[in-house]
Each structure stands twice: as C-alpha cells, then as structure tokens.
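Asker: sequence and predicted structure are below.
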Amino acid sequence: MKKFYLLVLILSNMLVISYTSAQVVSSSLMLNILSSNELNGTAGDYVTVQAQIKNISTKPQSNIVTYLSLSDNDTKLPVDLEDWSAEKGQFIGSIDPNQTFPLNWKIHFVKAGSYSLTVIAIIEGNSRPEISTITHFTVLAKKNLNPAHVLPVALGTPIVVIIFLFLIASRRKVDY
Amino acid sequence: MNAIKQIWLKEIKEELYTWKSMVWLVVTAFLFSFTTYLLLTNKELSLLDQTELLFLLSQIIIGVGLLIITIDASSIITSEFEKETAESLFLSPIKIKDFILGKFLASFTLWVLIFIIATPYITVSSAGSNLVLPFLGYVLFLGSLGVSAFIFLNFAISLLYRSSKNTLTTSLIVLLLLAIPAFLSSTFKNNTLGSFLGKVNPIDNIFGFLDNVLVDYHTRLIDNWQFFVPVIIFFALMLLFLIYAVRVFKRRGLIQKEL
C-alpha cells in the first residue's frame, strides 16, 4: 500500500513538473538584452539598448509589440521613458520559427541613479506578455562644472562688488 | 584730447558716485551668480555639455551687457538737454566730436566693468576645457563691437530726439527686435525669411560666432568670418548713422530749429 502511495506521489509530482515545464515551453518568444554591459554611463549620455527577439516556438508569431520597461531601484518607481527620449514600442508584423529580430532603443540618461531594465513583448491574442531577464545599470551624476570652484565665485563676487562700490562711494558723499 | 578726458572722467564720477548707477553693477553680479548657480544645480541645464554651458553663459554676459549699456547710453547725452546743461557745455570750447567721444568712453567703461565682473565666472566655468582664453577674448572682442554699435545707435537717436524717454523706448525696441530672434530656437530660422534675418542680425551673428568657438572649437577668427562680417557691417552702419545724426544736430543748432 505504501508503495502504491509513493508511486501515486511520484506520478503526481511528475505531472506537476511536466505541467510547469509545459508552461515554460509554451513561451513562444525569447527576449535577450545584448548590450547589458554597455549601459552604464553618465547623466546626459545617449546609449543604445540592443536587444534580440527570437521565435522559439514551432509556429509563426504575428502582431508583436515590444517595448522597454525601466524602473528606478532607489525610488522603486517606474521611470517615465518620455523624459528619457526613448523611442516608442517597436512593432513586429510576423516572426517565423527560429527567426530572430534585432531591437534597438536609443535612450538618454537623464538622472543619476541605479536602474533596472527589461524588454517586454506582447503578442496579439496572448494573455501573458513575454519578458526578458532584468538588466541592472548605473547612471553616474554629470559634473561639468566644479562646485568647489563655481560656488565661491557665485556667492563671493556680488559681495566683493558691493564692498568695492561701497569703498568707492565712501570716498565721496554719494548722491541719491 | 583733454576735453575728451574731462568729459569721460566727469561721466565716470557721476556713474560711480551715485547709488543708481552702482546698483547696475551689483545687479549684474547677481545675474551672473544666479546663472552659474543654475548651470551647476538645475537638473536639465546640468545635462548639457560644458561647452554648451559656456555658450549659454556667454549669451547671458553679452545680453546683459547690451541691455545695461543701451539703458545707460540712452540717457547719457539726453540728460544734458533735459538738465539744460547742454547750452553751457557747448558755449565752452568743446567740439561735438570730443563731447561724443567722451560720452562714448564713459558708456564703454561701464561695459568694461561688466566684463571685469564676468571674468571670474568665465574663468571658473571654463576651467578644464582649454577655452578660458578664447572665451574671455571673444566675449570681450565681440561684446565690445556690439556694445560700441549700440552706443553709436543710442547717441544718434539721442541727438535726433533729445529726449531720454523717446531714446530709451526706441533703443530698447531695436535691441528687442534684434535680440529676441537671436535667443529663439533654431525652429524660427527654418524658413527663408528667418534664415535671412538670422544671417544679417548682428546679435545672432555674435552668438553664432561664440557657438562656433565654444561648442565647435573653431577658435580662429578666420574660421568665423561669416559671423564676423555682419557684426562689422552693423558697427560701420551705426557709426555712419551717428555721423549723420551729428550733422543733423549741427544743422538744427542747439536751440532746435524746425527743418
């Protein structure tokens, strides 16, 4: 009897595993971000996110919309890509089995911080989107002007001008 | 020469020994401080390349200089008529040429003071870019040309109108007409008329020159002749206009006769 229960348990587990695998296998598209290592930069930089979409199913897929999703790791909020000058979603009319398409998005690093990027594909008629692995990157703050030099001048010059003019004016009675 | 010096020193003393005049220099320092502070801290401005920040600062320096000099020069001659000191002035053996030159030097000195105030801002903002000297040199050179042309224009209008209010209004309208398109984005210059106006507008050409030097690193004068020529032509035209206004002034006499 014990053996029977054990057999039922093993079979049920196998059934669950095969069902889950079937779910993974049913994923018809594979998305990869190719430029993961080149995304780090400085605020103000323009970089190109290079990705690839591959049809890993046995039948053609059509009407696919791909787009970027970016989130700020510090604020835990999604980033409005309009500010980042990103292009809109890219439409793929049809992709045959085992066919790959390159995907490129030019983005403008606007703000320093740590970010997570994914590429998402929506196939018309599917209830679930396909998603790439997450790529993490860092945007460094841009320092064009040296605050240690600029701030003393910005704060000090008006004071120096006022003192200088006051000294000139005090040499003679000032008219109003 | 002595008369020119005397008029110049008299005007400088009047400029520096009145709070009203000195406030301009303090306002200028605060404007430059505000601009550099914004360039340092503003999120969008700080995304610009350093060379573009320098170009923006150069526009502010030239713009502020032209505005202050226009306001100052529009009253420096007319005040003699309005205070009724012109009559006694011209009774003394002073030639009108010396009078104009003395007044010109006084107005120009104010531009030199504005440039001196701008120097530390230019130096710290362009540190590390190898553009300190071209930035200083071309702002002084182009600013001096532009400012001189506007002083000539103001003096000419002053001699024709003999009224501070009318001179100031007319000069400011001319300055705005030339400066507003120059500050507008390139979309304004996309059509034929906008493009033509951009090519003949002296302020546009001063900014084009500085853009070419500071952003594109074309620091030689010969590389910027297309911007330089319209500025020189404007300078020459304003000088001719002043000469014409002096002749009209002489013809009308100190006590104005209707022509």
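Answerer: Now that the structure is in, tell me what you want to look at.

Asker: and chain B, which residues reach chain A?
Answerer: For chain B, the residues in contact with chain A (CB under 8 Å from any CB of the partner chain) are B:16-20, B:22, B:25-26, B:28-30, B:32-34, B:36-37, B:39-40, B:43, B:46-50, B:53, B:117, B:120-121, B:123-125, B:127-128. C-beta here means a position set from N, CA and C on the backbone, and glycine is covered the same way.

Asker: try it again with 6 Å
Answerer: Neighbours of chain A within chain B, by CB under 6 Å from any CB of the partner chain: B:16-19, B:22, B:25-26, B:29-30, B:33, B:36-37, B:40, B:47, B:50, B:53, B:120, B:124-125, B:127.

Asker: of those residues, buried ones?
Answerer: B:16-17, B:22, B:25-26, B:29, B:33, B:36-37, B:40, B:47, B:50, B:53, B:120, B:124-125 (16 or more other CB atoms under 10 Å in any protein chain shown).

Asker: the residues of chain B next to chain A in helices, which ones?
Answerer: Under the assignment DSSP state H, the residues of chain B next to chain A contribute B:16, B:19, B:22, B:25-26, B:29-30, B:33, B:36-37, B:40, B:50, B:53, B:120, B:124-125 to helices.

Asker: and the furthest pair within those?
Answerer: Across those, the longest distance by CB to CB is 37.4 Å; it joins B:W19 and B:Q50.

Asker: what ranges does chain A have for its helices?
Answerer: A:2-25, A:147-170.

Asker: my bad, should have said the stretch 151-259 of chain B
Answerer: For the stretch 151-259 of chain B, the helices defined by DSSP state H, counting those that start in this stretch occupy B:164-183, B:192-200, B:202-214, B:225-252.

Asker: residue ranges with poor pLDDT in the stretch 101-250 of chain B?
Answerer: Residues of the stretch 101-250 of chain B meeting the criterion pLDDT under 70: B:184-189.

Asker: rewinding a little: among the buried ones among the residues of chain B next to chain A, which pair sits farthest apart?
Answerer: Going by CB to CB, the pair spanning those furthest: B:Y17 and B:L47, at 44.9 Å.

Asker: any idea of the mean pLDDT in the helix or strand containing B:W8?
Answerer: Assigned by DSSP states H and E, B:W8 belongs to helix B:2-16. Averaging pLDDT along helix B:2-16 gives 79.

Asker: would you mark the buried spots in it?
Answerer: Buried residues in helix B:2-16 (16+ other CB under 10 Å): B:3-4, B:7-8, B:11-12, B:15-16.

Asker: looking at those residues, spot the one nearest chain A.
Answerer: Nearest to chain A among those: B:L16, at 5.4 Å, using CB to the nearest CB.

Asker: mind listing what B:D49 touches?
Answerer: Contact partners of B:D49, counting by CB atoms under 6 Å, 6 or more residues apart in numbering or on different chains, are absent.

Asker: tally of neighbours for B:L214?
Answerer: Residues within reach of B:L214, counting by other CB atoms under 10 Å in any protein chain shown, total 26.

Asker: kindly provide the distance from A:I134 to chain B.
Answerer: Counting by CB to the nearest CB, to the nearest Å, the gap from A:I134 to chain B is 26 Å.

Asker: next, the buried residues of stretch A:100-111.
Answerer: Result for stretch A:100-111 [16+ other CB under 10 Å]: buried residues A:103, A:105, A:107, A:109-111.

Asker: what stretches of chain A score poorly on pLDDT?
Answerer: In chain A, residues with pLDDT under 70: A:1-26, A:85-86, A:142-143, A:172-176.

Asker: residue ranges for the strands of it, please.
Answerer: Using DSSP state E, the strands found in chain A span residues A:29-33, A:41-42, A:46-55, A:61-72, A:77-78, A:90-95, A:100-108, A:113-123, A:130-131, A:135-140.

Asker: A:A141 and chain B, how far apart?
Answerer: In terms of CB to the nearest CB, A:A141 sits 8 Å off from chain B.

Asker: count of neighbours near the spatially closest residue to that residue that is not a sequence neighbour?
Answerer: Spatial nearest neighbour of A:A141, excluding adjacent residues (CB to CB, 6 or more residues apart in numbering or on different chains): A:A112 at 3.8 Å. Counted with other CB under 10 Å, the neighbours of A:A112 add up to 16.

Asker: would you list the phi and psi of A:A112?
Answerer: phi -70, psi 150 (degrees, to the nearest 10).

Asker: thought it was touching A:A43?
Answerer: Yes. Counting by CB atoms under 6 Å, A:A43 is a contact partner of A:A112 at 5.1 Å.

Asker: find residues that contact each of the two.
Answerer: A:139, A:141.

Asker: which residues touch the residue nearest to A:A141?
Answerer: A:43, A:139-141.

Asker: over to B:A127?
Answerer: By CB under 6 Å, 6+ apart, the residues touching B:A127 are A:H149.

Asker: what's the spacing between it and A:E38?
Answerer: For B:A127, the distance to A:E38 (CB to CB, to the nearest Å) stands at 30 Å.

Asker: ditto for A:N144
Answerer: 23 Å.

Asker: more neighbours, those two?
Answerer: More crowded of A:N144 and A:E38, by other CB under 10 Å: A:N144, with 21 against 12.

Asker: touching, the more buried one and B:Q50? I think so.
Answerer: Yes. In terms of CB under 6 Å, A:N144 counts as a neighbour of B:Q50; the distance is 4.2 Å.

Asker: joint contacts of these two?
Answerer: Common neighbours of A:N144 and B:Q50 (CB under 6 Å, 6+ apart) do not exist.

Asker: so who does B:S125 touch?
Answerer: A:145, B:57.

Asker: contacts for stretch A:116-131 next, please.
Answerer: By CB under 6 Å, 6+ apart, stretch A:116-131 touches A:29, A:31, A:51, A:61, A:63-67, A:69-71, A:73, A:132, A:134-136.

Asker: 8 Å instead?
Answerer: Contact partners of stretch A:116-131, identified using CB atoms under 8 Å, 6 or more residues apart in numbering or on different chains, comprise A:27-31, A:33, A:39, A:49, A:51, A:53, A:61-71, A:73, A:103, A:132-137.

Asker: ends of it, what's the gap?
Answerer: End-to-end distance for stretch A:116-131: 13 Å, by CA to CA, to the nearest Å.

Asker: quick check, nearest of the buried residues of helix B:2-16 to B:G65?
Answerer: B:E15 (15.0 Å).

Asker: I'd assumed B:W111 was in contact with that closest one.
Answerer: No. B:E15 is beyond contact range of B:W111, at 11.8 Å (criterion: CB atoms under 8 Å).
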